[in-house]
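>>> Take this sequence and fold it.
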Amino acid sequence: MKKYVIVSVLAVLASISVASAQQAAQGYTFNSDLSLGSQGEDVANLQNWLLQNGFSIPAIANGGAPGYFGPQTQAALEAYQRSVGLPAYGYFGPMTRGWIYRHRVAYQGSSLQVTSPNRGEVWQTGTMQNITWTVPPAMAGQTADIRLEFPLPACAQPGQPIRCMIMVRAPYLIVKGAPLTAGSYAWKVGSVTDLNGSNPTVASDGQYKVQICPSSGSQCVESDNEFTIASSPTPTPTPTPTATPSPSIQVTYPNGGETLTLGNTYTIAWKSANIGSSQVSISLHDDSKYCPAGWLGCWTDYGIAVVNDTGSYAWNTSLNMSGDGGPNSVPVTPGSSYRIKICDASGNICGLSAGEFSIVASQPGSQSPVISGIDAPTALAVGQTGTWTVHASDPQNGALSYSVDWGDSQPGYAPSAQAAWQFVQTATFTHTYSYAGTYTVRFTVRDSQGLTAQSSATVNVGSSQPSQNPSVTVLSPNGGEIWAANSTQNILWSLSNYSPNALVDINLGRLLYPPCAYNPNLPNLDSCKPQFQAQYVLDRNVSANIRYGWIVGTDISNNPIPAGQYAVQVCRAGSTTDCDASNQPFTIIGTAVPYYPPANPVYCPPGYTCTVNR
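Next up, the predicted model:
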């Protein structure tokens, strides 16, 4: 009979905990997507939540009325999104709402924070200790319940069986309605009641966290770390060893918001540091697995593979996973609440996708996009902006969207590209790296049905500007000029990365246009640009750092050149590839009269007629 009564009490406590959490969430129930210009109660609730969590909206903090989504609210929302790893667009949609609802404990950058106990303290039962916190001005005058939270049970820790149902006992109540402005509460350690303030008891020895829940309905905050309640005197603390870099695993793809198609292959990507093992286990984590009544925080993980810690793994979503029924027993099914979980060999160090991604069923006859090429730099300097261009096509002639993982935890996105024909679509990205290293840049192209294609490129980022090839650009004539024969005109060009003593060759010819150059629907490919065909040599080994005065209509031997349309080409001396030509033809009118200067000076004495033999 006694055992039955204890179980009933635990069930009541659990249900009270659930009801209390729901009541706190009801204060901030967001019903719609919000963006710049939105108005109403949802906007006011969002603004209050941002202020209470330490994100500044000066107009409201200074007494303005909430309820209008302006630039200050957008900036505060972007700051919050960046702080938790969400795309910082200042748009309050399903992804951001889902993140807030899934994290019952308030964002730890909030100005409402538990400051003690917060660092692994050991408090002896029966002693008086101060629970302290910081409070934002927006919460002045409010009260809060102070609670004692139980730690997660062992089965919730990393490395435990694939499927684990989590039992979380309802917290104890330390005090109800404590004024937040006080900033502290003197607690006789261990003295607690149930959440209704009844059934006083003494908390048993163990590890706990202090939780503060404002009576206004704002989200609760808790200690960053567990502290210990012990009935024996506090032992003398041992010296803290020298800190070493913390081991970590960070999932970079999929990392929230992606749509994967069942049956396709995707590259799971991650970063690890100091984990001390050469292999990692990869599993599919499903947030949608709910608990029975009276239970909290349940989820299910299904094993995908155990692989070497290389930072990437090609996952075919059509393959079964390991589950409760044994190896390869669980098929992947469509859903919208998945994450990737990666752990080290011990299971004690794990990383989880920052947000949920979706898996959708493939549609009959659908084909994934095709990435035909990437124009990418191979070397950059720290702080130098690089440009990447992705060429892709959609077999269904639909719109494509692009995203990129730069390899330094900064995502990038490009809007959809509409296809009028089944020609290659492109997206161009720019990025600057802050630290030297070798980065793998991963691009994802997605069509309107959620089918994707991926490709990657590697760039080496050094501490100084990489060496660059010399180049020349013709400035004049560059298209449309009309030059009369026998007039003197300047041929001009610009140089990059040439030595001061460099020499150039100058040619005259015509531009040949391939058929594709006249098709406006084709991309700007090199093979579709006008090609220069040399016809005359104007000069050789000319100093690259001068203006060249050309007697229009004459070649290097002063032979006349017929009137017509031409282009000028300037090349590095002796090269036929390091060249540039006029973008468009210019015109020579008239015909030059050949001029032959005497080979040697001629002296004619008085009374003689002198001639020069040629």
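>>> For Thr387, identify the helix or strand it belongs to.
Using DSSP states H and E, the element containing Thr387 is strand 385-393.
>>> What is the burial count for Tyr439?
Neighbours of Tyr439 under the rule other CB atoms under 10 Å: 20. From N, CA and C alone the C-beta is placed, and that goes for glycine too.
>>> Give me the distance between the helix or strand where it lies and the centre of its chain.
Per DSSP H and E: Tyr439 is located in strand 437-447. Distance of strand 437-447 from the chain centroid (CA atoms, centre = their mean, to the nearest Å) equals 10 Å.
>>> buried set for the helix or strand following it?
Using DSSP H and E, the next helix or strand after strand 437-447 towards the C-terminus is strand 452-462. Within strand 452-462, the residues that qualify as buried are 452-457, 459, 461, counting by 16 or more other CB atoms under 10 Å.
>>> Can you give the strand pairings for strand 452-462, parallel or anti for each?
According to DSSP bridges, strand 452-462 forms sheet pairs with strand 379-381 (parallel), strand 437-447 (antiparallel).
>>> Could I get the average pLDDT for the shortest one?
Taken as a whole, strand 379-381 has an average pLDDT of 89.
>>> In it, which residues are buried?
Buried, per 16+ other CB under 10 Å, within strand 379-381: 380-381.
>>> Numbering from 17 from now on, please.
Happy to do that; since the first residue is 17 now, the last one works out to strand 395-397.
>>> so Ala501 sits right up against Tyr582, yeah?
No - with contacts counted by CB atoms under 8 Å, Ala501 stays clear of Tyr582, the gap being 11.8 Å.
>>> quick one, which of these two is more surrounded?
Comparing Ala501 with Tyr582 by neighbour count (other CB under 10 Å), the higher total belongs to Tyr582, at 23 against 18.
>>> and the more buried one, that one's in a helix?
No - assigned with DSSP: H, G, I helix; E, B strand; the rest coil, Tyr582 falls outside any helix and is strand.
>>> Now do the shared contacts for Ala501 and Tyr582.
Shared contacts of Ala501 and Tyr582, defined by CB atoms under 8 Å, 6 or more residues apart in numbering, are found at Ile604.
>>> Turn the strands paired with strand 468-478 into CSV, including distance to Gly273.
Rendered in CSV, the data for the strands paired with strand 468-478 read as follows (distance: least, CB to CB, whole Å):
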stretch, distance to Gly273
strand 395-397, 28
strand 453-463, 11
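>>> For those, which has the smallest mean pLDDT value?
What stands lowest among those, in mean pLDDT terms, is strand 453-463, with a mean of 86.
>>> Give me the buried positions along that strand.
Neighbour count says strand 453-463 has 455, 457-463 buried, by 16+ other CB under 10 Å.
>>> just the residues you listed now: which is nearest Val323?
Checking the buried residues of strand 453-463 against Val323 with CB to CB, the nearest one is Arg458 at 17.4 Å.
>>> That closest one against Ser419, yeah?
No - in this structure, Arg458 is not within contact of Ser419 by CB under 8 Å, at 9.1 Å.
>>> Now Ala377. Its backbone dihedrals?
Note on Ala377: its backbone torsions stand at phi -70, psi 140 [degrees, to the nearest 10].
>>> quick one: pLDDT of it?
Model confidence at Ala377 (pLDDT) stands at 80.
>>> ditto for Ser214
pLDDT, Ser214: 91.
>>> For the strand or helix carrying Val420, name the packing helices and strands.
With secondary structure defined by DSSP H and E, Val420 is part of strand 416-421. Judged by 3 or more CB pairs under 8 Å, 6 or more residues apart in numbering; DSSP states H and E, strand 416-421 is in contact with strand 401-409, strand 427-433, strand 441-448, strand 453-463.
>>> again, 7 Å this time
Judged by 3 or more CB pairs under 7 Å, 6 or more residues apart in numbering; DSSP states H and E, strand 416-421 is in contact with strand 427-433, strand 441-448, strand 453-463.
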